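Peer 1: Quick one, structure for this:
(one chain, ligands or ions: 1)
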Amino acid sequence: MDWIDFPNAPNIGDVICELADVSEGTTKAILTDGFGFLVVRRKDHVWGFVNLCPHQFLPLTHRRSDIMSADATALLCSNHSMRFDIETGQGETCALSKVPLQVVDGEIVIGRVKRA
Ligand code: FES
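Peer 2: Reported below is the predicted structural model:
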């Protein structure tokens, strides 16, 4: 399911948080208006995913918030430890719904927006 089809999906251009709010090499679960997603940061790159594991539709962060793998290449579902690539969201048998994110002037923004 595409992220935009989820109930309460944010709008393109919505500001989610400051880049500085997500520490390098970590993930942050964010809930806005009932829409839960994950922001993943490695160096100055960010990726976003709907925070629902396609295995059982539970939040990946259901049992713990620290779900980055030790080598910072995968998200590990806290329920059954399925691995998902942090850049694509692809798992062995299924994939996370990717939310496009962009950093604009130090803020993490939904979608691809042009700088003013
Ligand atoms: S709910 Fe995520 S792997 Fe089972």
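Peer 1: what does the protein put close to the ligand?
Peer 2: Residues of the chain found near the ligand (CB under 6 Å from any ligand atom) are 53, 55-56, 58, 77, 79-80, 82. All C-beta atoms are positioned from the backbone trio N, CA, C, and that covers glycine.
Peer 1: Taking the residues you listed, please make a PyMOL selection of just the buried ones.
Peer 2: Buried subset of these, written as a PyMOL selection, criterion 16 or more other CB atoms under 10 Å:
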select buried, resi 53+77+79+82
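Peer 1: Low-confidence regions, this structure specifically.
Peer 2: 113-116 (pLDDT under 70).
Peer 1: And the strands in it?
Peer 2: Ranges of strands in the chain, per DSSP state E, are 15-18, 26-32, 35-42, 45-50, 74-76, 83-85, 98-99, 101-104, 107-110.
Peer 1: Take the ones you listed and lay them out in CSV including mean neighbour count.
Peer 2: CSV is the format used below for those (neighbours: other CB atoms under 10 Å):
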stretch, mean neighbour count
strand 15-18, 15
strand 26-32, 16
strand 35-42, 22
strand 45-50, 21
strand 74-76, 20
strand 83-85, 18
strand 98-99, 20
strand 101-104, 17
strand 107-110, 20
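Peer 1: wait, which of the ones you listed is closest to residue 1?
Peer 2: Closest to residue 1 of the strands of the chain is strand 45-50 (CB to CB; 8.0 Å).
Peer 1: Could you write out the alpha-carbon coordinates of the closest one in CSV?
Peer 2: What follows is strand 45-50, C-alpha atoms only, in CSV (Å, rounded to 0.1, in the frame of the first residue of the first chain):
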residue,chain,number,x,y,z
HIS,A,45,20.6,11.3,4.5
VAL,A,46,17.1,10.6,5.7
TRP,A,47,14.6,8.0,4.7
GLY,A,48,10.9,7.7,5.7
PHE,A,49,8.6,4.7,6.1
VAL,A,50,5.1,4.1,7.4
